[in-house]
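*Asks:* Provided below for reference: sequence and predicted model.
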Amino acid sequence: MNRRFRLPNPFGPVDSGATAHAMARLSAAAFWLWGAVGMLQAGLVWYASDAAYAEFRGATTGFAIFFALLAAGLGWAQWRKPNRILPVFGLAWALYELSSTGVSLMVGAPLGVAGVPVWGSAIAVTAMLVCAVLHVGGLRGAAALARGDRKS
């Protein structure tokens, strides 16, 4: 195994400042993943949705692009200056997305964005699970950095 490139473990020990900084940046990666999935959903709504959703295609695509750009901006902010607020926000958003998907499955409502195929919704749910884990790691790293007991 190549020891030069190693991803930090979100649930591993935070034993140094470099580890804490790397873990805090996991939240930025989660925001970028969220943005990439948002752009994927925007593309699916624009190009692969049914004719029944043609009336809402522009607004839904614009909404998805707006949130993808917001996620990219939040990821950039977390990468530049890691803090505890953004991972908490990202974790809350991921848990909200997952809980709303669970409620949709229980009541039989359509998943996710109108017009997105089922496989697109499955990708979004999987990405939100990964984002939740990454935000937990980001929060752990940012909390260690905020305590100040880890020197870089």
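*Replies:* Nice, I can see it.
*Asks:* any regions of this protein where pLDDT drops low?
*Replies:* Within the chain, the ranges that satisfy pLDDT under 70 run 1-6, 112-114, 149-152.
*Asks:* what's the residue closest to the geometric middle of it?
*Replies:* Centroid check for the chain by Cα atoms, centre = their mean gives residue 34 as the closest residue, at 3.5 Å.
*Asks:* can you pull out the strands in this protein?
*Replies:* Counting by DSSP state E, no segments of the chain form strands.
*Asks:* what residues sit buried inside the biggest helix by length in it?
*Replies:* Determined from DSSP state H, the single longest helix within the chain is helix 118-147. For helix 118-147, burial by neighbour count (16 or more other Cβ atoms under 10 Å) applies to 120-121, 123-125, 127-128, 130-145. Glycine gets a C-beta too; all of them are placed from N, C-alpha and C.
*Asks:* now stretch 77-93
*Replies:* 78, 82, 84, 86-88, 90-91, 93.
*Asks:* what do you get for stretch 22-39?
*Replies:* 22-35, 37-39.
*Asks:* roughly how far is it from the heart of the chain?
*Replies:* The chain centroid and the centroid of stretch 22-39 are separated by 5 Å under Cα atoms, centre = their mean, to the nearest Å.
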